[in-house]
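In: Have a look at this prediction, sequence included:
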Amino acid sequence: MEGGELPGLLVNEIGGIRGILHSHVAFLRKHFYLITMKELVENRKHLSRKVQAIYLWWHKPVIDQELLQSLPNLKVIANSGVGMDHLDLKLIASFGVKMANAPRAVSSSTADAGMALLLASARRLVEVHHIAISSSMDYCEADILGVKISGATLGIIGMGRIGYKIALRAKAFEMKILYHNRTQRKAQEEQAVGATYCETIDSLLQQADFVMLAVNLTPQTRNLIGKRELELMKPTATLVNISRGAVVDQEALVMALQTGVIWAAALDVTYPEPLPRLSSLLISWKGWRSSFVKIKECHYNASPRH
């Protein structure tokens with residue numbers, strides 16, 4: 001089938017594990033002539049000049065120099081998500097290709113996920129689930145009570161679109177809100193969510209019961225939370241990461257959880273992603289231990305967090 005006057009749009013595949021959703025196809029075909037990577041590889045001579053745009057879904061297809069050189073009429077690459085840290089933007093720009101992303105599309109959903117992780121770790125939902133489906137696990141009810149959200153202090157690192165939406169949700173849970181950002185929010189925006197600005201991350205870490213990471217991955221934020229930062233946190237604190245896995249030094253995080261430097265970690269993202277199933281310390285714990293909740297033996301004496 002020829003594309004007529006429609007510009008060619010390269011996609012990884014349609015359906016499958018890393019393909020665009022079937023529900024997207026009808027809309028895309030109204031505006032583009034769809035070309036899959038398989039079709040391009042099999043008929044590169046005929047199709048390479050037709051491609052004027054690439055639609056990235058789950059980071060696929062991989063954008064490298066070889067692909068860019070093979071598409072002489074490529075004008076734009078559209079990323080289906082917000083983050084573009086998986087892309088070599090300088091390389092793309094050197095070919096005269098523009099980048100587009102969807103910075104607002106998932107802000108609310110990501111904020112929802114952040115609060116879900118915070119609530120699940122605080123109320124110990126994953127641990128209780130494992131206990132409920134285990135036929136042999138011994139436990140002490142006093143040790144799975146969880147902790148209160150209302151009145152607790154939430155420290156948000158990265159008060160952009162997503163961070164602000166998290167603050168709106170946290171306010172409904174009657175949490176005290178601290179935040180650190182490259183630039184301070186306007187006074188009326190702070191007042192609307194009851195947020196207090198911390199000039200330094202250190203100050204926020206020392207005060208927060210829950211630390212929520214909502215920053216972009218940049219050279220400045222890579223390993224933003226490492227051994228030193230974890231040791232600044234309260235021993236009763238929980239780290240929640242909804243940004244990028246590489247924002248946290250995972251080796252330092254595992255050590256902090258093992259030694260009780262912090263209480264818990266609730267992770268939406270890891271590095272690499274997904275984690276190696278057999279070798280990662282974050283998921284290699286027996287029974288109900290998980291990187292999603294507290295990595296620690298169940299004690300039969302109530303802790304200060306209960």
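Out: Sure, I can see it. Numbering: from 1, shown residues only.
In: roughly how far apart are residue 240 and residue 154?
Out: Look at residue 240 and residue 154: by C-beta to C-beta, to the nearest Å, they are 9 Å apart. All C-beta atoms are positioned from the backbone trio N, CA, C, and that covers glycine.
In: which residues are common contacts for the two?
Out: 118, 210, 212 (C-beta atoms under 8 Å, 6 or more residues apart in numbering).
In: May I see the buried residues of the helix or strand containing residue 126?
Out: Element membership for residue 126, per DSSP states H and E: helix 125-133. Across helix 125-133, burial judged by 16 or more other C-beta atoms under 10 Å covers 125, 126, 127, 128, 130, 131.
In: from the middle of its chain, how far away would the lowest-mean-pLDDT helix or strand in the chain be?
Out: The weakest-scoring helix or strand in the chain, judged by mean pLDDT, DSSP states H and E, is helix 125-133 (a mean of 79). Centroid separation for helix 125-133 versus its chain: 24 Å, with C-alpha atoms, centre = their mean, to the nearest Å.
In: Likewise for stretch 39-54?
Out: 33 Å.
In: contacts for it?
Out: Applying C-beta under 8 Å, 6+ apart, the contact partners of stretch 39-54 are 3, 7-11, 32-33, 35, 61, 63, 70-78.
In: Just the residues you listed: which are in strands?
Out: Using DSSP state E to define strands, the subset of the contacts of stretch 39-54 located there is 8, 9, 10, 11, 33, 35, 76, 77, 78.
In: State the pair within these that is farthest apart.
Out: Spanning the widest gap among the ones in strands among the contacts of stretch 39-54 are 33 and 77, at 16.7 Å by C-beta to C-beta.
In: Between those two, which is the more surrounded one?
Out: Applying other C-beta atoms under 10 Å to residue 33 and residue 77 shows that residue 77 carries more neighbours, namely 23 against 19.
In: per-residue confidence at that one?
Out: Listed pLDDT for residue 77 reads 96.
In: Kindly tell me how buried the closest residue to it other than its chain neighbours is, as a neighbour count.
Out: Excluding the flanking residues, the one nearest residue 77 by C-beta to C-beta, 6 or more residues apart in numbering is residue 54, at 4.6 Å. Residue 54 has 26 neighbours, counted by other C-beta under 10 Å.
In: how about low-confidence regions in this protein?
Out: By pLDDT under 70, the low-scoring segments of the chain are 1-4, 137-143, 277-280, 283-306.
In: Could I get the buried residue list for the biggest helix by length in it?
Out: Ranked by residue count, the top helix of the chain under DSSP state H comes out as helix 107-123. For helix 107-123, the neighbour count (16+ other C-beta under 10 Å) marks 107, 110-111, 113-118, 120-123 as buried.
In: Repeat that for stretch 168-179.
Out: In stretch 168-179, counting by 16+ other C-beta under 10 Å, buried: 169, 170, 171, 173, 175, 176, 177, 178, 179.
In: out of the residues you listed, who's nearest residue 136?
Out: residue 173 (35.4 Å).
In: Ramachandran angles for the residue nearest to the closest one when sequence neighbours are not counted?
Out: Spatial nearest neighbour of residue 173, chain neighbours left out: residue 149 (4.9 Å); criterion: C-beta to C-beta, 6+ apart. Main-chain dihedrals, residue 149, degrees, to the nearest 10: phi -90, psi -50.
In: how close does residue 149 sit to residue 11?
Out: Using C-beta to C-beta, we find residue 149 at a distance of 42 Å from residue 11.
In: quick one: which of those two has more around it?
Out: residue 11 (24 against 18).
In: need the contact list for the more buried one.
Out: 19, 20, 28, 34, 35, 36, 37, 54, 55, 57, 61.
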